[in-house]
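1. 3D, please:
(chains A and B)
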Protein chains: 2
Amino acid sequence: MTRTYVHGYDPRENTRLQDQASTLVELLHGDTAYPSGATVLEAGCGVGAQTVTLAANSPDARITSVDISETSLARAREAVDAAGLTNVTFRQADIFDLPFDPESFDHVFVCFVLEHLPDPVGALTELKKRLRKGGSMTVIEGDHGSTYFHPDSDHAHRAIRCQVELQKRAGGNANIGRQLYPLLTEAGFHCVRVSPRMVYVDAGRPDLVDGFTRKTFTAMVEGVRAPALDACLIDPTDFDRGVRDLYRTTEPDGVFCYTFFKAFAQNT
Amino acid sequence: MTRTYVHGYDPRENTRLQDQASTLVELLHGDTAYPSGATVLEAGCGVGAQTVTLAANSPDARITSVDISETSLARAREAVDAAGLTNVTFRQADIFDLPFDPESFDHVFVCFVLEHLPDPVGALTELKKRLRKGGSMTVIEGDHGSTYFHPDSDHAHRAIRCQVELQKRAGGNANIGRQLYPLLTEAGFHCVRVSPRMVYVDAGRPDLVDGFTRKTFTAMVEGVRAPALDACLIDPTDFDRGVRDLYRTTEPDGVFCYTFFKAFAQNT
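-> A predicted model of the protein is given here:
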C-alpha cells in the first residue's frame, strides 16, 4: 500500500515543523522512555523527526525504524547520525507487509502515521502481531477538529476544513486523534489509556504564538491553498480571509487551542 | 444589573450537575487552596455548589460568598451548613455594586459566572477594586465551543449551538472559557496564567461517560429543547437527532471531549 500525503500537517515532511518541534517534544514524548535492551519498532518514521527524540530518550533501547519511502529513510538516517545516536536501525518496509517475525518487538511506537492511512485498524492489527505478549503500543496523533480560537471565525474554520477534506480524499483522517481509543480497542488491544495533550496558546506564551499558531498550524492551512482551490472546495477570497483570521488569533488578545492525543495500550 | 440564566449549563442551578460535581472537583478545584487567615471573596456563589468545595479546601481561610439572588443564597447556606463548614459568610450583592471597601480581600474566586454576564470585563474590573495589591484572582469557566466527539455529527453540533445562541440572547457567552486571558488582561490584571482543564471521556472511563457526557453535557443540551424550538433556532426533528447523536457518543466506541479553562492572575 502506498501512502499518499496531503501537503500540510506532517512534522516529518515539513522543516517549518522542525522549528516548533522542540516546544512540543516534551508535551508529546515526555512520558515515553524504554528500558535498556528493549526492542522498539517505530512504524512510519518518515524523515526521522520523532526518531531522534525517541532514540535520545531511550538511549539503551534498540530501535528499529521503518518507512515505506527510501527517500525519507535517507533523511532520517542523516538526522539520527547528526544527533550522534547509534541505537537506531533503519529498514524500508510497508506497515501492511512487515518483514519481521511475529512477537519480535517489546514495544511499538507510532506517531503521525495513522492519520494518513485508509485502514488504521488494519495497520494497528499488523503491528500488534509483531508485538510480544505483554508488550506495549504507543500512538500519537493530532486532531484538526480540536481546533478553536479567539476571535472565532467561520472563515478560519472553513479554511481548516479544506485541509481535512483534502486529507480525507487522499485516504486519511485529519481528525483521527479523538478516535485512538476505539481504533486500538477494535484492533484487539487491551488496557487502552488515552491522554489528550492540549496546546493552549495565548499572548503570555510568545514561543507558542510564533512556533505553533503561526509557523505550524496556520502555515499548514496556508499550504493547502492551491490544492483546495484546485478542488473547488472554497473560493480564494474566503480561503484568504480564513487564513487572515487564523493569523488574527496571534495578536495580543488572541487565543489558539489544538489537541494531540497519545494512547498507550498493552498487548495482553 | 440582573443576571438572566439560560436554563442549562449551570452547576449551581442544576441538581443533576451535583451528581458529577465530585468527578470534576479535583480537575477544577485541585490547585486552589487559600492559607490560614486569608480573606476570599467568592463572587456569584449561586446555590453553593462551588462554595462547599472552596471552603472545604481552605478550612482556615475566611470566605465571603455573594450572589444577587436571595433564593440561591438560602440554598447555598443550607449546603454549607450541611457540609459542616463554618468559614463562609453569605451576603446578597450585585457584582456591579459590591458593598465592600476597596482592597478588602486577599483573593477573589469566580466560577461559572462570567459566562452569564453581558460585561465580563466590567465585572472583573469591579472585583479587582476589592482586591488588595498582591492579591490573586481565580476564574473558572467552561467553553461549549470546545466540544467535539466521535462519532462526529453536524446535528449534535447544531443542537449545542442552540444552547450557545440562547445564552447569547440572554446576554451571556457559553464559549467564554477560551477568552479568559484577554478578558483578565483587559481588566488590568497582570501575570495572567490560563490552564485548560480538558474532560476527555472514552468507554474506559465509565464514570465520566455517565456523569459527564450523559448526565451533564447531553442533559444540558436536552434541557434547551423547548426554548430552542420556541425561538425557531432549529426544527424538532433535527434537534432530537442531535441529542441522539450526543448519546451515541456514550456507546463503547464513542469519545467525548470538553474543556474548562482556569485562570489565575495577580493584582499587582
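2. strands of chain A, start to end?
-> Secondary structure of chain A (DSSP state E): strands at A:39-43, A:62-67, A:88-92, A:105-111, A:131-141, A:148-150, A:190-202, A:255-267.
3. the second one pairs with which strands, parallel or anti?
-> Read that as strand A:62-67. strand A:39-43 (parallel), strand A:88-92 (parallel) (DSSP bridges).
4. and for A:Pro227, the neighbour number?
-> 18 (other Cβ atoms under 10 Å in any protein chain shown). C-beta coordinates here come from the backbone N, C-alpha and C atoms, glycine included.
5. cool, A:Thr268 as well?
-> 10.
6. which residue packs closest to it, ignoring adjacent ones?
-> A:His190 (4.5 Å; Cβ to Cβ, 6 or more residues apart in numbering or on different chains).
7. so how far is chain B from A:Asp94?
-> 27 Å (Cβ to the nearest Cβ, to the nearest Å).
8. pretty sure that residue contacts A:Gly44?
-> No: A:Asp94 is beyond contact range of A:Gly44, at 10.0 Å (criterion: Cβ atoms under 8 Å).
9. neighbour count for those two, which is higher?
-> A:Gly44 (26 against 17).
10. now do the residue in chain A sticking out farthest from the centre against B:Leu124, distance only.
-> Of all residues in chain A, A:Thr237 sits farthest from the chain's C-alpha centroid, using Cα atoms, centre = their mean; the distance is 29.9 Å. With the distance defined as Cβ to Cβ, to the nearest Å, A:Thr237 ends up 37 Å from B:Leu124.
11. then A:Ala226?
-> 44 Å.
12. let me see the contact set for A:Glu186.
-> Remark: with contacts taken as Cβ atoms under 8 Å, 6 or more residues apart in numbering or on different chains, A:Glu186 is in contact with A:121, B:253.
13. mind putting the strands of chain A in CSV, mean pLDDT and mean neighbour count included?
-> Below are the strands of chain A laid out as CSV (pLDDT from 0 to 100; neighbours: other Cβ atoms under 10 Å in any protein chain shown):
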stretch, mean pLDDT, mean neighbour count
strand A:39-43, 98, 24
strand A:62-67, 98, 23
strand A:88-92, 98, 16
strand A:105-111, 98, 24
strand A:131-141, 97, 20
strand A:148-150, 98, 24
strand A:190-202, 96, 19
strand A:255-267, 97, 23
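14. with distance to A:Ala219 added, can I get those in JSON lines?
-> Below are the strands of chain A laid out as JSON lines (distance: least, Cβ to Cβ, whole Å):
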{"stretch": "strand A:39-43", "distance to A:Ala219": "26"}
{"stretch": "strand A:62-67", "distance to A:Ala219": "24"}
{"stretch": "strand A:88-92", "distance to A:Ala219": "28"}
{"stretch": "strand A:105-111", "distance to A:Ala219": "20"}
{"stretch": "strand A:131-141", "distance to A:Ala219": "20"}
{"stretch": "strand A:148-150", "distance to A:Ala219": "15"}
{"stretch": "strand A:190-202", "distance to A:Ala219": "14"}
{"stretch": "strand A:255-267", "distance to A:Ala219": "13"}
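15. B:Gly48: which of the ones you listed is closest?
-> strand A:190-202 (29.7 Å; Cβ to Cβ).
16. partner strands of the closest one, parallel or antiparallel?
-> For strand A:190-202, pairing defined by DSSP bridges yields strand A:255-267 (antiparallel).
17. any low-confidence regions in chain A?
-> A:1-22 (pLDDT under 70).
18. what do you get if the cut-off is 80, keeping everything else the same?
-> A:1-23 (pLDDT under 80).
19. give me phi/psi at the spatially most central residue of it?
-> Central residue of chain A (Cα atoms, centre = their mean): A:Phe112, 2.2 Å from the mean position. Dihedral pair for A:Phe112: phi 60, psi 40, per degrees, to the nearest 10.
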